[in-house]
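>>> Got a sequence here, can you build the structure:
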Amino acid sequence: MKINQARQLVQQAVYEALKNLDEITISPEQVQQMVEIPKNSQLGDFAFPTFRLAKQLHQAPVKIAQNLAKEVDSSQFAQVCAQGPYVNFFLQRKDIAATTIEEVIKQKNNFGNSTVGANSVVTIDMSSPNIAKPMSMGHLRSTVIGNSIALILDKLNYHPVKINHLGDWGTQFGKLMVAYKKWGSEADVKKDPITNLQKYYVKFHKLDKEHPELDEEAREWFKKLENGDEEATQLWQWFRSESLKSFMKVYDELGIKFDSYNGEAFYNDKMDEILDLLEHKGLLQESKGAEIVDLGSDLPPALIKKSDGATLYITRDLAAALYRKRTYHFKKSLYVVGSEQSIHFEQLKAVLAKMGFTWAQDIEHIKFGLITANGKKLSTREGRVILLENVLHDSVQLAQEQIAEKNPTLANKDQVAHAVGVGAVIFHDLKNNRTDNFDFNLEEVVRFEGETGPYVQYTHARAMSILRKAGPQAQDEAAVFDTDVDDVTWDILKHLANFPETVQQAAQLREPSVIAKYALHLAKSFNHYYAQTKVLVDDDQLAARLNLVQAVAIVLKEALRLLGVQAPDEM
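You can find the predicted model right below:
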């Protein structure tokens, strides 16, 4: 029997028993909602609280639980008993242990797979750094959250399309061109493009407060770019190509690839259609020389075209949304973008809906909180940046130091250090609920103790070490526990059995932290088991214990993979 089947068995048993009680009406769906899992396994594997029945039956919940426990058919459970206002159900542990371990070992990394997605396309707009600016810790969130969601959806048989919507257009390029022409050097840019381009950009914003004429020059240069001026176009292409080279180094470090790098500039020739459609639908209104779409009292009007004729982010996003629908025929279109852009995406969906596109409802804004530094938002303009490349380098270096101290003879030390260091940064981000803000602290990010990626990786490596020590001759995949399953082992088994449901929950919530927290709980349960159990004792249960260890290793590795984190076999 599987855990999810056991839950259904509990629900059915409760429902049938309730029908035998007088003066009560309750639906199977209501019973399903009320069945819960006790926090302490000593109180059972499932519990049914009776508080909500007290009003109908005019009895105390404790009395109802006692009567209900007598009515329940307990033949398929190890035990059914009333404890306070709860009816507690204890499952047949050996049966579920055998089924769960067999399923994990047989399916290996496919455990938890589903066909629910039916190969339908989900586009994921993610990462999207701005050209000529360095990738900071602020870009990490969109990148790793989007990548993990893609991996989770792929496991459920969706077809994710990862789109890096580069910020490669806009008035900032006019500012950058002015700064480069005034203070820049071709040699310096070639030597270290991102650092120097950022330096020019920061200098521009420091000076433009006292010299507003700089902003006018910037607008003129961007207008040149929009009109196809040769010098402006060459500068833009140069800034873009140099930036992409820098970005690719970071993406390679993270092990992340994209299906499209179509950025804002890609939609330059696609906005006229949007403007024509808005005009044809009678949606455009003039406001102080600009053109807007009125969205009623719930949202601010969407500014489509400024008074000088320049288009805005939303104009390009409208074009991008239409292009993606036509190109990919998506079932869902996800935008992994910070919470501060919530109104923008509400406006985007509202305008598309007014244009008559019913698929606007399939657009989802996957919000996430800020990473701050000393309580302040990271800002390229203010020069307050924590470079992602530097954080990854420092984390890998710390991993190398840890390995040199604890396991100096480890083979492939550099590869393991890279997997652990980069994994620490990714896991630290993804273990947080994505909508939470958190203040950046390098020592905390690369910490190797406690609730960290390296802790989960080390637990996987420990399991693999046990299997290597046992040797293949001690392993028998058909072996099952033929004695009572103790509480510590049972805790692991329940975690393993819940992995498929956990993956589906993470997909539904678009929340990688569900997987990260699951991995931490499974790792803690296994380490508790390891501390209390002599796994390699040569007795008639050795093979069964090794199968449990193998199942843990399989699921931990797959959980980490869904986060975009590697799982070394040795550490």
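
>>> Quick check: buried residues in stretch 356-372?
Of the residues in stretch 356-372, 357, 359-360, 362-372 count as buried by neighbour count, 16 or more other Cβ atoms under 10 Å. Using the backbone N, CA and C atoms, a C-beta is placed for each residue, glycine as well.

>>> would you list those in JSON lines and tack on pLDDT, distance to Q42 and secondary structure?
As requested, these are arranged in JSON lines below (pLDDT from 0 to 100; distance: Cβ to Cβ, whole Å; DSSP: H, G, I helix; E, B strand; the rest coil):
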{"residue": "F357", "pLDDT": "98", "distance to Q42": "55", "secondary structure": "coil"}
{"residue": "W359", "pLDDT": "98", "distance to Q42": "51", "secondary structure": "helix"}
{"residue": "A360", "pLDDT": "98", "distance to Q42": "51", "secondary structure": "helix"}
{"residue": "D362", "pLDDT": "98", "distance to Q42": "46", "secondary structure": "helix"}
{"residue": "I363", "pLDDT": "98", "distance to Q42": "47", "secondary structure": "strand"}
{"residue": "E364", "pLDDT": "98", "distance to Q42": "41", "secondary structure": "strand"}
{"residue": "H365", "pLDDT": "98", "distance to Q42": "43", "secondary structure": "strand"}
{"residue": "I366", "pLDDT": "98", "distance to Q42": "39", "secondary structure": "strand"}
{"residue": "K367", "pLDDT": "97", "distance to Q42": "39", "secondary structure": "coil"}
{"residue": "F368", "pLDDT": "96", "distance to Q42": "38", "secondary structure": "coil"}
{"residue": "G369", "pLDDT": "94", "distance to Q42": "37", "secondary structure": "coil"}
{"residue": "L370", "pLDDT": "89", "distance to Q42": "42", "secondary structure": "coil"}
{"residue": "I371", "pLDDT": "85", "distance to Q42": "41", "secondary structure": "strand"}
{"residue": "T372", "pLDDT": "80", "distance to Q42": "42", "secondary structure": "strand"}
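
>>> all strands in the stretch 301-450 of the chain, in order from the N-terminus.
According to DSSP state E, counting those that start in this stretch, the stretch 301-450 of the chain carries its strands in the segments 302-305, 332-336, 363-366, 371-373, 376-377, 438-439.

>>> Same question for the stretch 1-150 of the chain.
Counting by DSSP E, counting those that start in this stretch, one finds strands in the stretch 1-150 of the chain at the ranges 46-49, 79-83, 86-90, 121-125.

>>> Of those strands, give the one that comes closest to A17.
Nearest to A17 among these is strand 86-90; the distance by Cβ to Cβ comes to 8.4 Å.

>>> Sheet partners, orientation included, of that closest one?
Within its sheet, strand 86-90 is paired with strand 46-49 (antiparallel), strand 79-83 (antiparallel), according to DSSP bridges.

>>> what about the longest helix in this structure?
Ranked by residue count and defined by DSSP state H, the top helix of the chain is helix 230-254.

>>> who touches it?
Helix 230-254 is contacted from outside by 127, 129, 131-135, 143-144, 147, 166, 168, 173, 176-177, 180, 189, 193-194, 197, 221, 224-225, 257-258, 261, 265, 388-389, 392, 418, 422, 426, 564, using Cβ atoms under 8 Å, 6 or more residues apart in numbering.

>>> rerun that using 6 Å as the cut-off
Residues external to helix 230-254 that are found in contact with it (Cβ atoms under 6 Å, 6 or more residues apart in numbering): 131-132, 135, 168, 173, 177, 193-194, 224-225, 388-389, 392.

>>> In terms of pLDDT, where does H58 sit?
pLDDT, H58: 89.

>>> mind checking how far it is from L21?
12 Å (Cβ to Cβ, to the nearest Å).

>>> neighbour-wise, which of those two wins?
Relative neighbour count places L21 above the other of H58 and L21, with 16 against 9, counting by other Cβ atoms under 10 Å.

>>> tell me the domain ranges of this protein?
Per automatic domain parsing, the structural domains of the chain span 3-91, 170-250.

>>> Those domains: which one's closest to H495?
Each of the domains of the chain has some distance to H495 by Cβ to Cβ; the shortest is domain 3-91, at 10.0 Å.

>>> sorry, back to before: would you reformat the strands of the stretch 301-450 of the chain as CSV and include distance to H139?
Supplementary listing: those in CSV, determined by distance: least, Cβ to Cβ, whole Å:
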stretch, distance to H139
strand 302-305, 26
strand 332-336, 11
strand 363-366, 15
strand 371-373, 10
strand 376-377, 13
strand 438-439, 15
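
>>> The closest residue to G421 other than its chain neighbours: neighbouring residues, count only.
Distance criterion Cβ to Cβ, 6 or more residues apart in numbering; nearest residue to G421, sequence neighbours excluded, is V396 at 3.3 Å. By the measure other Cβ under 10 Å, the count of residues near V396 is 22.

>>> I'd say V396 and G423 touch.
No. In this structure V396 lies outside contact range of G423 using Cβ atoms under 6 Å: 9.9 Å.

>>> before we move on, back to that, which stretch among the strands paired with strand 86-90 is buried most, on average?
Of all those, strand 46-49 carries the top mean neighbour count, a mean of 23, counting by mean count of other Cβ atoms under 10 Å.

>>> Identify the residues contacting A218.
Under the criterion of Cβ under 6 Å, 6+ apart, the neighbours of A218 are G174, K175, V178.

>>> oh sorry, the question was meant for A319
Y267, K270, M271, I274.

>>> Check these for burial and list the buried ones.
By the neighbour-count criterion of 16+ other Cβ under 10 Å, these include these buried positions: Y267, M271, I274.

>>> What ranges does the stretch 251-400 of the chain have for its helices?
Ranges of helices in the stretch 251-400 of the chain, per DSSP state H, counting those that start in this stretch, are 271-280, 313-328, 342-354, 388-406.

>>> These: which one's closest to M1?
Shortest separation from M1 across these is recorded for helix 313-328, at 41.1 Å, computed as Cβ to Cβ.

>>> Restricting to C-alpha, output that closest one in CSV.
The C-alpha atoms that make up helix 313-328 are tabulated as CSV, following Å, rounded to 0.1, in the frame of the first residue of the first chain:
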residue,chain,number,x,y,z
TYR,A,313,8.2,48.6,-20.9
ILE,A,314,4.5,47.7,-21.1
THR,A,315,4.4,48.3,-24.9
ARG,A,316,7.2,45.9,-25.3
ASP,A,317,5.8,43.4,-22.9
LEU,A,318,2.5,43.5,-24.8
ALA,A,319,4.4,42.7,-28.0
ALA,A,320,6.4,40.0,-26.2
ALA,A,321,3.3,38.3,-24.8
LEU,A,322,1.6,38.2,-28.2
TYR,A,323,4.8,36.9,-29.9
ARG,A,324,5.2,34.1,-27.2
LYS,A,325,1.6,33.0,-27.6
ARG,A,326,1.9,32.8,-31.4
THR,A,327,5.3,31.1,-31.2
TYR,A,328,5.0,28.7,-28.4
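
>>> Let me know the angle separating that helix from strand 332-336.
140 degrees (axes from the mean of the first three to the mean of the last three Cα atoms, to 10 degrees).

>>> I'd like the mean pLDDT over helix 313-328, please.
97.

>>> Could you check the pLDDT of L244?
The pLDDT attached to L244 in the predicted structure is 92.

>>> repeat for D22
Turning to D22, the model gives it a pLDDT of 67.
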